[in-house]
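>>> got a sequence here, can you model it:
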Amino acid sequence: MWGVIVNTNSYFQRILALDLPKRQSAFLWGARKTGKSTFLKHKFPDAYYIDLLKSDVFLKYLNEPSRLREELLAQYPKNVSNIVIIDEVQKVPELLDEIHCLIENTQLQFILCGSSARKLRQKGVNLLGGRAWRFHFFPLVYEELSKNNSFDLLRVLNRGCIPSHYTSTNINKSIQSYVQDYLIEEIKDEGVVRNLRNFSKFLESASFSNGEQINYSNIARDSGIDSKTVKEYFAILEDTLIGSHIYPFSYKSKRVVLSHTPKFYFFDLSVVNYFQNRELKSLSGVEAGHNLETYLYHEIKAYLTYNEKKKEISYWRTSTGQEVDFIIGKAKFAIEVKISNRVRHSDTKGLYKFLEDYPETQAILVCGESKARIIENEKGQKITVLPIEEFLKKLWGHYLL
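Numbers count the residues shown, from 1 in each chain. Okay, here's the model as predicted:
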């Protein structure tokens, strides 16, 4: 069915460059099950590892945070490695003070791994005052899948890119368990959602708005909550790395934008497909197009983040309905995504209209065509048409953006 046989026991070589000089500590943030712990155990096999997901370990440090300092000092400098990894550090925010003290007075390096900094900020703890670099971890990206000879676009659009989902032999059970045991529990742990039933309704309703301008009133009506609560829930999803907003592009705009309403993308397609009860049979149709847009958004976002390129991703839409899916930075690149295997005139209207205002922009149409080409209109405006996988190869090969 999927075209590519995936080794379910394989380890994907991740591309995050987490290379720390001596005495430098780091935060590694990423949604649950993206592979942070597996990555860290492979990269730092001799590190002293503390997993706060284990109930006994969690309770020990929750009741007596100073034990962390006492235990590490008893071993230091006897331990083979000076690196200490603490998984799900947000579960015991009080540990940050002890870690701060150890960073100041020892040669220990800390890698603090978690899925949300929200609780840390709410507790008012310092995030080590700049003494820890910040890294972000994503689900599998094209570069990682292709190096493992495991990339299959239809599989990606159906299963998403969380490693355990992509390789699962029972994808329905895997995703159901993830949503119920991780996402809902994650939000519950934040302690800010009182009615989990309404929140579950909100997640389902929000999934149908994935990649669209957010209509807070409609989602509120479907979820049985008010619009203010909907906005708070979206903020929680972003804080817990379950999704992200993108905002309308307005840099030196010559046209009236439709509104200032953001779009929201869930961090992985498996979540969207679960709530929408969606399964794609082929790389065609409206639903496949929506999923492809979400997938390419995350590829672009991951590429920019991993390569420390400080460029915002936005979208462009005018009051007359002309739209471009993604604008990178201050209009250096404009990217439109179409699933179709033949570019039509209507597919290019948004890009050509954008080029009228921003003629120096490199316009790219990513689609299901088999060969790259350049198309030009009567005004001399040019659009580069790229097949989906060729776009991904150029992106991760550093030929774009």
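
>>> quick check: buried residues in stretch 135-149?
For stretch 135-149, burial by neighbour count (16 or more other C-beta atoms under 10 Å) applies to 135, 136, 137, 138, 139, 140, 141, 142, 143, 144, 145, 148. (C-beta placed from N, C-alpha, C; glycine too.)

>>> pretty sure the third one contacts residue 37?
No: in terms of C-beta atoms under 8 Å, residue 137 does not count as a neighbour of residue 37; the distance is 10.0 Å.

>>> for the two, list the residues in contact with both.
Listed as contacting both residue 137 and residue 37 by C-beta atoms under 8 Å, 6 or more residues apart in numbering is no residue at all.

>>> coming back round to it: what about the buried residues of stretch 135-149, which are in strands?
Using DSSP state E, 135, 136 are the members of the buried residues of stretch 135-149 that sit in strands.

>>> dump the buried residues of stretch 135-149 into CSV; add distance to residue 399 as well.
As requested, the buried residues of stretch 135-149 are arranged in CSV below (distance: C-beta to C-beta, whole Å):
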residue, distance to residue 399
135, 24
136, 23
137, 24
138, 20
139, 23
140, 21
141, 16
142, 14
143, 13
144, 18
145, 19
148, 22
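
>>> which other helices and strands contact the longest helix seen in the chain?
Among the segments of the chain that qualify as a helix by DSSP state H, the longest is helix 286-306. Contact analysis of helix 286-306 by 3 or more C-beta pairs under 8 Å, 6 or more residues apart in numbering; DSSP states H and E lists helix 153-159, strand 263-266, helix 269-276, strand 313-317, strand 323-328, strand 333-337, helix 388-396 as its packing neighbours.

>>> output these as JSON lines; include the columns distance to residue 72 and mean pLDDT.
Rendered in JSON lines, the data for these read as follows (distance: least, C-beta to C-beta, whole Å; pLDDT from 0 to 100):
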{"stretch": "helix 153-159", "distance to residue 72": "40", "mean pLDDT": "96"}
{"stretch": "strand 263-266", "distance to residue 72": "38", "mean pLDDT": "96"}
{"stretch": "helix 269-276", "distance to residue 72": "37", "mean pLDDT": "93"}
{"stretch": "strand 313-317", "distance to residue 72": "40", "mean pLDDT": "94"}
{"stretch": "strand 323-328", "distance to residue 72": "43", "mean pLDDT": "96"}
{"stretch": "strand 333-337", "distance to residue 72": "47", "mean pLDDT": "97"}
{"stretch": "helix 388-396", "distance to residue 72": "39", "mean pLDDT": "97"}
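
>>> figure out which of those is closest to residue 376.
Taking C-beta to C-beta as the criterion, strand 333-337 is the member of the helices and strands packed on helix 286-306 that comes nearest to residue 376, at 15.5 Å.

>>> in the next helix or strand after that closest one, what's buried?
Next in sequence after strand 333-337, counting helices and strands by DSSP states H and E, comes helix 345-357. Within helix 345-357, the residues that qualify as buried by neighbour count (16+ other C-beta under 10 Å) are 347, 348, 350, 351, 352, 353, 354, 355.

>>> what segments of this structure are strands?
According to DSSP E, the strands that the chain contains are 25-29, 48-51, 83-87, 109-114, 132-136, 243-248, 263-266, 313-317, 323-328, 333-337, 362-367, 373-376, 382-387.

>>> how long is stretch 329-338 end to end?
Start and end residues of stretch 329-338 are separated by 21 Å (C-alpha to C-alpha, to the nearest Å).

>>> got a list of contacts for it?
The list of residues contacting stretch 329-338 from outside it, by C-beta under 8 Å, 6+ apart, reads 249, 251, 289, 292-293, 296, 300, 311-312, 316, 324-328, 347-348, 350-351, 354-355, 358, 360-368, 400-401.

>>> what's the burial count for residue 26?
Counted with other C-beta atoms under 10 Å, the neighbours of residue 26 add up to 20.

>>> excluding chain neighbours, give the residue nearest to it in space.
Spatial nearest neighbour of residue 26, excluding adjacent residues (C-beta to C-beta, 6 or more residues apart in numbering): residue 133 at 4.6 Å.

>>> cool, residue 317 as well?
On the basis of C-beta to C-beta, 6+ apart, the spatially nearest residue to residue 317 that is not a chain neighbour turns out to be residue 323, at 4.3 Å.

>>> close enough to count as contact, that neighbour and residue 351?
No: checked against C-beta under 8 Å, the pair residue 323 and residue 351 is beyond contact range at 9.8 Å.

>>> what's the end-to-end length of stretch 307-316?
In stretch 307-316, first residue to last residue: 24 Å (C-alpha to C-alpha).

>>> now that stretch, how far from the chain's geometric center?
Between the centre of stretch 307-316 and the centre of its chain there are 13 Å (C-alpha atoms, centre = their mean, to the nearest Å).

>>> same thing with stretch 32-51?
That offset, for stretch 32-51, works out to 19 Å (C-alpha atoms, centre = their mean).

>>> same check on stretch 131-150?
Averaged over its C-alpha atoms, stretch 131-150 has a centre that lies 10 Å from its chain's centre (C-alpha atoms, centre = their mean).

>>> likewise for stretch 38-58?
Taking C-alpha atoms, centre = their mean, one finds the center of stretch 38-58 at 22 Å from the center of the full chain.

>>> what of stretch 299-319?
The answer for stretch 299-319 is 12 Å, by C-alpha atoms, centre = their mean.

>>> do stretch 29-48 as well
17 Å.

>>> check stretch 265-280 too.
Between the mean C-alpha point of stretch 265-280 and the mean C-alpha point of its chain there is a distance of 14 Å (C-alpha atoms, centre = their mean).

>>> returning to that earlier point: of the buried residues of helix 345-357, closest to residue 195?
The closest of the buried residues of helix 345-357 to residue 195 turns out to be residue 350 (C-beta to C-beta; 40.0 Å).

>>> sorry, back to before: the longest helix of the chain to strand 333-337, inter-axis angle?
Helix 286-306 and strand 333-337 are oriented at 150 degrees to each other (axes from the mean of the first three to the mean of the last three C-alpha atoms, to 10 degrees).

>>> related to what we said a few turns ago, I'd say the residue nearest to residue 26 and residue 20 touch.
Yes: using C-beta under 8 Å as the test, residue 133 is close enough to residue 20 to be in contact (7.4 Å).
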